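1. model this:
(one chain, ligands or ions: 1)
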Amino acid sequence: MRVFKRFVFFWGICILLLPVVNVSAGKTKKAYITSTIKNCEIGDKFYVKLKGTKAVSYEIKDETVATVNEKGKVKTKRAGKTKLVITGENGKKYTCKINVYDTKRAEDQITVETESSKVTANIKDTEVPRESYKVKPGMLVNFTHIIKKSGNPEGLVYLSKSNITDKLTWRDTDTCKLQKEVIKPLSEMIDAAYKEGKFKYSIISGGGYRAFETQYRYWQRRMGMNPAYGDDPYHNGVICVPAVSSEHRTGYAIDFDATDAGFAWLEKNSYKYGFIKRYYGTKTIFTGVMDEPYHFTYVGKSVAATCYLEGICLEEYYEKYVNVEYN
Ligand SMILES: [Zn+2]
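-> The predicted structure follows:
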């Protein structure tokens, strides 16, 4: 009964107020923007208008993505995101988000999707379950194939003078870890390089296995410097990726310090030992990463040979050979 009374009271008030609201709505014309979001392609031209007030100025936040003239005509220039801000005669600002897509490139991208990077970057550490995970050589870890857990992978071992060649050194003396199965081929590769050209290698600090927290901090630092970092990696290329997208979290990736000749030797010969140079400048459209002459990944001999001899990156390998062994 009490509930019913409240119900009657509430609706009674509403009905009483209705004419008042209507009258006031009829008196003031509410100003609004005709679009608050525009999804478009490169080269598109369009107007976004204000209704109920006159537009006095138009502004585009990132003019490398799109431009606007004094009449409010927007022209898109490259893939990316920006905002159009229209100031009305009433002094208020009205915003339209503009997302420009390169649809032609999207067709070429095969396994990658431009929008996913944003999703990946937005995953917070608290949203990733703190569980261990399984890894294997040649597994695909990138902006779209992410590690959905934040624990440690199985199979990691510490590098030590007793398990690896003395031609290799590592900066993180007591804490450098890699997958156990990488140790032997890595040793053989470094010994061969030394034998052929007296090349010596060092693993840079943080250049072996990286914990979720470490990579998360790297990424946060980048985002702190530039919040748009990684918004469009297939177009701009990055050198730092979100924690869920980092190959260093598998224990199969290594960042070396070496001479140019040393890097060149690795690029040419590492496949014989099951490694690949993972990020070529010519493959950014697939990987989202810039050229990294120092980053090598153990993928196993068969995958490495195919990638190297066919001149394809791991993403292209997956596309072409459809995950028969590595699904
Ligand atoms: Zn690396």
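2. show me the shaky parts of the stretch 201-327 of the chain.
-> For the stretch 201-327 of the chain, the stretches with pLDDT under 70 are 322-327.
3. just the helices from it, written as ranges.
-> Using DSSP state H, counting those that start in this stretch, the helices of the stretch 201-327 of the chain run over residues 212-225, 233-236, 260-269, 284-287, 301-310, 314-321.
4. mind checking which of those is nearest Lys45?
-> Each of the helices of the stretch 201-327 of the chain was scored for nearness to Lys45 using CB to CB, and the closest is helix 233-236 (21.2 Å). The way it works is simple: take the backbone N, C-alpha and C, and place the C-beta from them, glycine included.
5. return the set of buried residues in stretch 133-141.
-> Of the residues in stretch 133-141, Val135, Pro137, Gly138, Met139, Leu140, Val141 count as buried by neighbour count, 16 or more other CB atoms under 10 Å.
6. quick check, Glu70 in contact with Tyr58.
-> Yes: using CB atoms under 8 Å, Glu70 is in contact with Tyr58, at 7.0 Å.
7. what residue in the stretch 1-150 of the chain comes nearest to the ion?
-> For the stretch 1-150 of the chain and the ion, the shortest gap (CB to the ion) falls at Val141, measuring 11.3 Å.
8. so who does the closest residue to that residue other than its chain neighbours touch?
-> The spatially closest residue to Val141, leaving aside those adjacent along the chain, is Glu247, at 4.8 Å (CB to CB, 6 or more residues apart in numbering). With contacts defined as CB atoms under 8 Å, 6 or more residues apart in numbering, Glu247 is in contact with Val141, Asn142, Ala253, Arg278, His295, Thr297.
9. and if we set it to 10 Å?
-> With contacts taken as CB atoms under 10 Å, 6 or more residues apart in numbering, Glu247 has the following neighbours: 135, 139-142, 147, 210, 215, 241, 253-254, 278-279, 289, 295, 297, 314.
10. please apply the same query to Thr214.
-> Neighbouring residues of Thr214 by CB under 10 Å, 6+ apart: Gly206, Ala243, Ser246, His248, Arg249.
11. just put these in a markdown table and tack on neighbour count.
-> As requested, the contacts of Thr214 are exported to a markdown table (neighbours: other CB atoms under 10 Å):
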| residue | neighbour count |
| --- | --- |
| Gly206 | 17 |
| Ala243 | 26 |
| Ser246 | 22 |
| His248 | 23 |
| Arg249 | 27 |
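12. check those residues and tell me the two furthest apart.
-> Maximum pairwise distance among the contacts of Thr214 (CB to CB): 12.8 Å, between Gly206 and Ala243.
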